[in-house]
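[1] could you work out the structure for the sequence below:
(one chain, ligands or ions: 2)
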Amino acid sequence: MAENRPRTLFDKIWAHHVVETLPDGTALLYIDRHLVHEVTSPQAFEGLRVAGRPVRRPDATIAVVDHNIATDSSRRTGITDPESRLQVDTLEKNVVEFGVPYIPLLDARQGIVHVIGPEQGLSLPGMTIVCGDSHTSTHGAMGALAFGIGTSEVEHVLATQTLLQKPAKNMRVTVDGKLPVGCTAKDIVLAIIGKIGTAGGTGHVIEFAGEAIRALDMAGRMTVCNMSIEAGARAGMVAPDQTTFDYVKGRPYAPKGEAFDRAVAWWSTLPSDPDAVFDKEVFLDAAEIAPMVSWGTSPEDVAPITATVPDPAEAPNETRRAQLERMLQYMGLTPGQKLTELKVDVVFIGSCTNSRIEDIRVAAAIAKGRKVADGVRAMVVPGSGLIKQQAEAEGLDRILTEAGFEWREAGCSMCLGMNPDKLTPGQRCASTSNRNFEGRQGPGGRTHLVSPAMATAAALAGHLADVRDYQPQGSH
Ligand SMILES: CC(C)[C@H](C(=O)O)[C@@H](O)C(=O)O
Ligand code: SF4
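    Ligands and ions are numbered 1, 2, ... in the order given. Okay, here's the model as predicted:
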């Protein structure tokens, strides 16, 4: 019987949210949580206004500003760029008009939408979570089905709390074994994308499984799920377990008391059945992963830090050769050059991939008692105001500023060129963000995707560096 076939985590959450399935398999899904930011919501609210419709479930919706805001003290005096200012002002008007809960810019809880969802307990296991933003996949780390939607879908969810979706295929990426010293969740996900490519997950929802994924804390799982979108997947997820439940417990919007126990009982039924069948399976041995760095302009163009810049002459075909030549030219690289020889101008530790307290602790542990190299601009941008407070309570800001890092306010910052934090043409940046397309961090900017540990090592060395040469000092 079809009903009794073994099911995946994705199958279970999907089935739980189907309102109606159409003959072609497309389903109307109930959406539990809708996160809203200033970039993709203006036309959606405008659509409601024109149609005279209210927001169906303001209580399931929450809005925050993150992309267009400054991350220095100028955020207190207003946004100067007219386009950025318009987006933020428009959101602030819309949340009032439509009664949507809003976390204002100067509220301590403000931050990157994908950081504050889990932090506030708004993103919970078993939920369907959407946001007009591709990195909504981050929330899949909670054991939720979380994916990005377009502006017209934002309007649909605001109006109906439902969404039309074609079913995705199931893919499992199993990472067994133990991660070597110096490697983190970021290296796992860069290694995965290096292996399967940016189209490797197309049409699939990826469940990340295996010993090395289980061993990750929630921050690490969020880093991995965050970048599943860079592998082409519709979403990424990790089955909820005790690590998840411990993380959720006590968060502001999480269920409390008996309701929490009941929720855990249900969440515990969600992991994929042992004999569930996946449409696609990929296996990695964590022990073979090394600290990774991207050298090209696509997240699949990664290599261990010990590698050299590839030679287009050795490309398997003409198309790839031309592509490599273009990348090397844009990135200012010479074939055969050691990656550790590449001098960096800027180091950016932040973004919804790597701006949580765990990331900042790693950076501070490595930076402690050391100095940022001359001529390098290094910045740490916490993912939320609460993370910033926590880091300050732990004295991490002092360690970092004494080492020469800038200590900033929460926001998307230099992850994308939509606010004052931008690279200038030709600048080379070791960045903990998730995208390295041409111009992503500012026109002409050159991005190397790395972990927070590797970014810190690059800041201290003044060039891309192997974090295994920069282990924390003075630790026992
Ligand atoms: C601005 C927003 C729509 C965009 C996204 O969807 O991901 C941004 O967050 C990004 O990371 O490129
Ligand atoms: S931090 Fe970067 S990837 Fe994340 S939502 Fe902001 S712009 Fe997008």
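[2] in a helix, residue 153, correct?
    Yes. Counting by DSSP: H, G, I helix; E, B strand; the rest coil, residue 153 is found in a helix.
[3] for residue 18, phi and psi?
    phi -70, psi 120 (degrees, to the nearest 10).
[4] neighbours of it, just the number please.
    Number of residues near residue 18 (other C-beta atoms under 10 Å) recorded here: 13. Every C-beta, even on glycine, is put in place using the N, C-alpha and C of the backbone.
[5] please apply the same query to residue 273.
    14.
[6] kindly report the same for the one 3 residues further on.
    Neighbourhood size, residue 276 [other C-beta under 10 Å]: 18.
[7] residue of this protein with the smallest distance to ligand 1?
    Closest approach of the chain to ligand 1 (C-beta to the nearest ligand atom) occurs at residue 134, with a separation of 3.6 Å.
[8] any idea how far that residue lies from residue 235?
    10 Å (C-beta to C-beta, to the nearest Å).
[9] higher neighbour count, these two?
    More crowded of residue 134 and residue 235, by other C-beta under 10 Å: residue 235, with 26 against 17.
[10] tell me who's in contact with that one.
    Applying C-beta atoms under 8 Å, 6 or more residues apart in numbering to residue 235 gives the contacts 10, 136, 137, 140, 145, 146, 147, 168, 205, 206, 225, 228.
[11] inside strands: which ones of these?
    Among these, DSSP state E puts 145, 146, 147, 205, 206 in strands.
[12] who touches the helix or strand containing residue 20?
    Using DSSP states H and E, the element containing residue 20 is strand 18-21. With C-beta under 8 Å, 6+ apart as the test, strand 18-21 has contacts from 27, 28, 29, 30, 162.
[13] okay, now the sheet partners of it, with direction.
    Strand 18-21 sits in its sheet next to strand 27-30 (antiparallel), going by DSSP bridges.
[14] how about the very next helix or strand once past the partner strand, does it reach ligand 1?
    Per DSSP H and E, the first helix or strand lying C-terminal to strand 27-30 is strand 33-36. No. Figure legend: strand 33-36 not in contact with ligand 1 (C-beta under 6 Å from any ligand atom); closest approach 11.6 Å.
[15] most neighbours among the ones in strands among the contacts of residue 235, which one?
    Top of the ones in strands among the contacts of residue 235 by neighbour count (other C-beta under 10 Å): residue 206, with 33 neighbours.
[16] gap between that residue and ligand 2?
    Residue 206 sits 18 Å away from ligand 2, going by C-beta to the nearest ligand atom, to the nearest Å.
[17] I'd say that residue and residue 232 touch.
    No. The pair residue 206 / residue 232 is not scored as a contact, 9.4 Å apart, by C-beta atoms under 8 Å.
[18] so which residues on the protein come close to ligand 2?
    Counting by C-beta under 6 Å from any ligand atom, the chain sits next to ligand 2 at 66-67, 112, 114, 133, 135, 351-352, 412, 415-416, 433-434.
[19] closest to residue 462 among those residues?
    residue 433 (20.3 Å; C-beta to C-beta).
[20] so for that closest one, what's the pLDDT?
    Looking at residue 433, its pLDDT stands at 98.
[21] which ones are touching it?
    Going by C-beta under 8 Å, 6+ apart, the list of residues near residue 433 reads 348, 350, 351, 353, 354, 414, 415, 416, 440, 441, 447, 449.
[22] quick check: phi and psi at the first one.
    Going back to what we said before, that points to residue 348. phi -120, psi 110.
[23] now swap in the fifth one and tell me
    In terms of degrees, to the nearest 10, the main-chain angles of residue 354 are phi -150, psi 70.
[24] number of residues surrounding it?
    Residue 354 has 33 nearby residues by other C-beta under 10 Å.
[25] same check on the first one?
    Summarising burial for residue 348: neighbours were counted as other C-beta under 10 Å, giving 30.
[26] so it touches residue 363, yeah?
    No. Applying C-beta under 8 Å, one finds residue 348 not in contact with residue 363, separated by 11.2 Å.
[27] and the next element down the chain from the longest helix anywhere in the chain?
    Identified as the longest helix of the chain according to DSSP state H is helix 82-98. As assigned by DSSP H and E, the chain's next helix or strand after helix 82-98 is strand 102-103.
[28] paired strands for that next one, with orientation please.
    Short version: by DSSP bridges, strand 102-103 pairs with strand 61-64 (parallel).
[29] can you name the residue of the stretch 101-250 of the chain nearest ligand 2?
    Counting by C-beta to the nearest ligand atom, the stretch 101-250 of the chain gets nearest ligand 2 through residue 135, at 4.5 Å.
[30] pLDDT below threshold where in the stretch 301-450 of the chain?
    Along the stretch 301-450 of the chain, segments meeting pLDDT under 70 are nowhere present.
[31] the stretch 351-476 of the chain against ligand 1: which residues are in contact?
    Residues of the stretch 351-476 of the chain lying near ligand 1 (C-beta under 6 Å from any ligand atom): residue 416.
[32] ranges for the strands of the stretch 351-476 of the chain?
    377-380, 406-407, 428-431, 446-449 (DSSP state E, counting those that start in this stretch).
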